[in-house]
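Student: what's the 3D shape of this:
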Amino acid sequence: MKYVVCIPDGCADEPVPALDGRTPLEVAHMPTLRRLAARARLGRARVIPEGLPPGSDVGNMSILGYDPARYHNGRASIEAAAMGLYLAGDQVAYRCNLATVAADGTMEDFAGGHPSTEQAATMISALQAELGGEVSFHTGVQYRHIMVAPAAWADACCVPPHDLTGQPAVLPTGPAAPHLQKLMDASRDVLARFDVAANQIWLWGQGRFPEMPAFADRYGRSAGLVSAVDLVRGLGVLTGMDVVTVAGATAWYDTNYEGKRDAALAGLEAGADLFVIHVEASDEAGHAGDVDEKVHSLENWDRRILADLVVGLDALGPWRLLLLPDHATPLVLRTHTSDPVPYLLVDSHSDGPGGAYTEPATADAPVVAGHSLMGELLRA
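Tutor: Residues are numbered from 1 along each chain as shown. The predicted structure is shown next:
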């Protein structure tokens, strides 16, 4: 038996006025997903436990089968793991966005105009040269980077920049806030030398390494993962999964969908029992409030991943597939919510009750804990 977990990041939504009160999942042309849903088990999952922030760190940890209430210890440390950074006991990692903050203090763009990773690397190098010492800056992907600081700097309350789009920027508070604010202010002079939209860093999501058991030990299955997002890749590293890099895979609309699909099939054919496919595009569209792009990203999932993924899985033998987002990213709100999300669990040799994979169609279904679904998937 082979297993696949598909994560269209942030794809769940609320009724959208521009779509006549429907959601992107209701509108998108997804014939393969419709066929899978017609014979699947459908329901709702709480991937964000009560009391935890509705972020991809929490949601993806939950989908991988680890209860965030037990294992979550901050976002940035997970991304650091993906970059090969291993924190000492006296260190804490902060997520370091390249952001655009207007002169009046409005968060114009939490992604700083989406610089290329190559552009960003020169900016992070400059930040390290000018501001490094007690802290260190490390290049990630596009606008997402890491700052490592003394553990004493961990005590701060920081608002994720994607929660502030178009709103006044809320500065850090708490004992460590003066250290963070000093660096954020100083970064403006450094980034002003570059011809880019990003004009300062934004520090948030601090944490130390979580202690997570290996996936193979926990579930008795070998697993691989493909994602262009360091946060998700970091969860793979921390749980001992085979983390695959695909050429052309980005955390933006232009990602290599086919490459991720083929990496999953190749990993399964090479002997992996389970493979995780994560695509960020639908979440980015939600943050941007881009209705057309969110619908298009779902259609890309269907046409460029699911259609041939099913064909490839059939050729490998019996299989089971779990599909759900790590959280909702409503287009109107342009940020994450903690609402339960729809899930789909389908078996190649056993039909479920079937239905439609949409938010309204699953609205009355019982809500299950998101971290319980991995066990359900593997209980063939």
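Student: Can you list phi and psi of the closest residue to Pro175 other than its chain neighbours for me?
Tutor: When the adjacent residues along the chain are set aside, Pro175 lies closest to Asp155, with 4.6 Å between them (Cβ to Cβ, 6 or more residues apart in numbering). Every residue, glycine included, has its C-beta placed from N, CA and C. Backbone torsions of Asp155, given as degrees, to the nearest 10, read phi -80, psi 80.
Student: What of the one 3 residues further on?
Tutor: As for Cys158, its main-chain torsions (degrees, to the nearest 10) stand at phi -120, psi 130.
Student: and the gap between it and Ala120?
Tutor: Between Cys158 and Ala120 the distance is 20 Å, computed by Cβ to Cβ, to the nearest Å.
Student: between these two, which one's more packed in?
Tutor: Comparing Cys158 with Ala120 by neighbour count (other Cβ atoms under 10 Å), the higher total belongs to Ala120, at 23 against 20.
Student: any idea how far Glu284 is from the more buried one?
Tutor: Using Cβ to Cβ, which is the criterion applied here, Ala120 is 16 Å from Glu284.
Student: same thing with Glu359?
Tutor: Applying Cβ to Cβ, the value for Glu359 to Glu284 is 20 Å.
Student: same check, this time on Ala214
Tutor: Using Cβ to Cβ, Ala214 is found at 31 Å from Glu284.
Student: out of the two, which sits in the more crowded spot?
Tutor: The neighbour count for Ala214 versus Glu284, taken as other Cβ under 10 Å, is higher for Glu284 (24 against 12).
Student: need the contact list for that one.
Tutor: The contact partners of Glu284, by Cβ atoms under 8 Å, 6 or more residues apart in numbering, come to Ala111, Ala251, Trp252, Tyr253, Glu293.
Student: Report the secondary structure state of the second one.
Tutor: Three-state assignment for Ala251 (DSSP: H, G, I helix; E, B strand; the rest coil): coil.
Student: Same check on Phe275?
Tutor: Going by three-state DSSP, the secondary structure assigned to Phe275 is strand.
Student: Please tell me I have it right and it contacts Val5.
Tutor: Yes - distance between Phe275 and Val5: 7.4 Å, which falls inside the contact criterion (Cβ atoms under 8 Å).
Student: Those two: who's more crowded?
Tutor: Set side by side, Phe275 and Val5 show unequal neighbour counts under other Cβ under 10 Å, the larger going to Phe275 at 27 against 24.
Student: State the distance from the more buried one to Ala126.
Tutor: Going from Phe275 to Ala126 by Cβ to Cβ gives 38 Å.
Student: before we move on, what about Tyr3?
Tutor: As defined by Cβ to Cβ, Tyr3 lies at a distance of 44 Å from Ala126.
Student: Which of the two has more residues huddled nearby?
Tutor: Taking Tyr3 and Ala126 together and counting by other Cβ under 10 Å, Tyr3 has the greater number of neighbours (22 against 17).
Student: Not counting sequence-adjacent ones, nearest residue to the more buried one?
Tutor: The shortest distance from Tyr3 to any residue that is not its chain neighbour, by Cβ to Cβ, 6+ apart, is 4.0 Å, and that residue is Leu274.
Student: burial count for the one you found?
Tutor: Going by other Cβ under 10 Å, the residues that sit close to Leu274 add up to 27.
Student: coming back round to it: compute the number of surrounding residues for the residue nearest to Pro175.
Tutor: By the criterion of other Cβ under 10 Å, Asp155 has 12 neighbours.
Student: do the same with Leu36
Tutor: The tally of other residues near Leu36 (other Cβ under 10 Å) stands at 21.
Student: Please apply the same query to Ala369.
Tutor: 13.
Student: just the helices in the protein please.
Tutor: In order along the chain, the chain carries the following helices (DSSP state H): 24-27, 31-37, 56-63, 68-71, 76-82, 117-131, 177-191, 215-219, 230-238, 257-269, 281-288, 291-300, 307-316, 373-378.
Student: right, so of these, which gets closest to Pro342?
Tutor: Comparing these by their distance to Pro342 (Cβ to Cβ), the top pick is helix 24-27, with 7.5 Å.
Student: Return the distance of the closest one from the chain's centre.
Tutor: Between the mean C-alpha location of helix 24-27 and the chain-wide mean there is a distance of 20 Å, by Cα atoms, centre = their mean, to the nearest Å.
Student: Repeat that for stretch 39-56.
Tutor: Here stretch 39-56 shows a centroid-to-chain-centroid distance of 14 Å under the convention Cα atoms, centre = their mean.
Student: Take it, keep the C-alpha atoms, and write them as CSV.
Tutor: The C-alpha atoms that make up stretch 39-56 are tabulated as CSV, following Å, rounded to 0.1, in the frame of the first residue of the first chain:
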residue,chain,number,x,y,z
ARG,A,39,-15.9,8.0,-3.7
ALA,A,40,-14.1,9.4,-0.7
ARG,A,41,-14.7,9.9,3.0
LEU,A,42,-15.1,13.6,3.6
GLY,A,43,-15.2,15.6,6.8
ARG,A,44,-13.8,18.5,8.7
ALA,A,45,-10.5,18.7,10.7
ARG,A,46,-9.3,21.1,13.3
VAL,A,47,-5.7,21.4,12.2
ILE,A,48,-5.2,24.5,14.5
PRO,A,49,-5.8,23.4,18.1
GLU,A,50,-7.5,25.9,20.4
GLY,A,51,-5.1,28.4,21.8
LEU,A,52,-2.4,28.1,19.1
PRO,A,53,-1.8,30.6,16.3
PRO,A,54,-3.4,29.7,13.0
GLY,A,55,-0.1,29.4,11.1
SER,A,56,1.4,26.9,8.6
